[in-house]
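Engineer: Pasted the sequence and its predicted model underneath.
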Amino acid sequence: MLCTPDKEEAARAAGADYVGLDEFVTKIEGGWVDVDVIIATPQVMPKIGKLGKVLGPRNLMPNPKTGTVSNDVAAAVNEVKGGKIAFKIDKAGIIHASIGRVSFTPEKIAENSQELLNAIIKAKPSSSKGTYLKGVSMASSMSPGISIDTKGFVH
């Protein structure tokens, strides 16, 4: 959580792992990115802007569209800690999303993957015709994907 000192206590109370500003900006400039999500307040975005070259390629740059820039630090931290999943669609219609970490149990990963697929199926426009899910595969970072049978999904 990158915020001004007056918001630090609320972020800590909500369960943020790292709270501060200047010391983390310096660490990130040095290459430290050992975090899953970075949340910031709008007031500190000018200081964080220079970190775009480090955070941008890793999809860690705080963004109001994804809810990672917020004045309500407690709500933002609680959403992320509660398992909020954000997914992107590239130009080819491929969805990229993270559903877990190495520390997650197999049951939790299965639950998260089912929840992601449900959200995607629920977002299908009613005007969409034909096959909605053409293929699903799952992979850890930098590894080959495992194809998943889509016949069992309602679409």
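Structural biologist: Done, it's in.
Engineer: any idea which helix is longest in the chain?
Structural biologist: In the chain, taking DSSP state H as the definition, the longest helix is helix 106-122.
Engineer: Next, the contact list for residue 8, please.
Structural biologist: 1, 19-20 (CB atoms under 8 Å, 6 or more residues apart in numbering). C-beta: built from backbone N, CA, C; applies to glycine.
Engineer: Over to residue 80?
Structural biologist: Neighbouring residues of residue 80 by CB under 8 Å, 6+ apart: 36-37, 39, 68.
Engineer: By mean pLDDT, flag the weakest helix or strand of this structure.
Structural biologist: Lowest by mean pLDDT, DSSP states H and E among the helices and strands of the chain is strand 87-89, with a mean of 74.
Engineer: list the helices and strands it packs on?
Structural biologist: Identification of packing neighbours for strand 87-89 by 3 or more CB pairs under 8 Å, 6 or more residues apart in numbering; DSSP states H and E yields strand 95-97, helix 106-122.
Engineer: coming back round to it: give the single residue among the contacts of residue 8 positioned nearest to residue 63.
Structural biologist: Closest approach to residue 63 among the contacts of residue 8 (CB to CB): residue 1, at 14.9 Å.
Engineer: And the helices in the protein, which stretches?
Structural biologist: Secondary structure of the chain (DSSP H): helices at 5-14, 22-29, 45-48, 52-55, 73-81, 106-122.
Engineer: Please identify the most buried of those helices.
Structural biologist: Mean neighbours per residue, mean count of other CB atoms under 10 Å, is largest over the helices of the chain for helix 73-81, with a mean of 19.
Engineer: now the angle from it to helix 5-14?
Structural biologist: Put simply, helix 73-81 runs at 40 degrees to helix 5-14, going by axes from the mean of the first three to the mean of the last three CA atoms, to 10 degrees.
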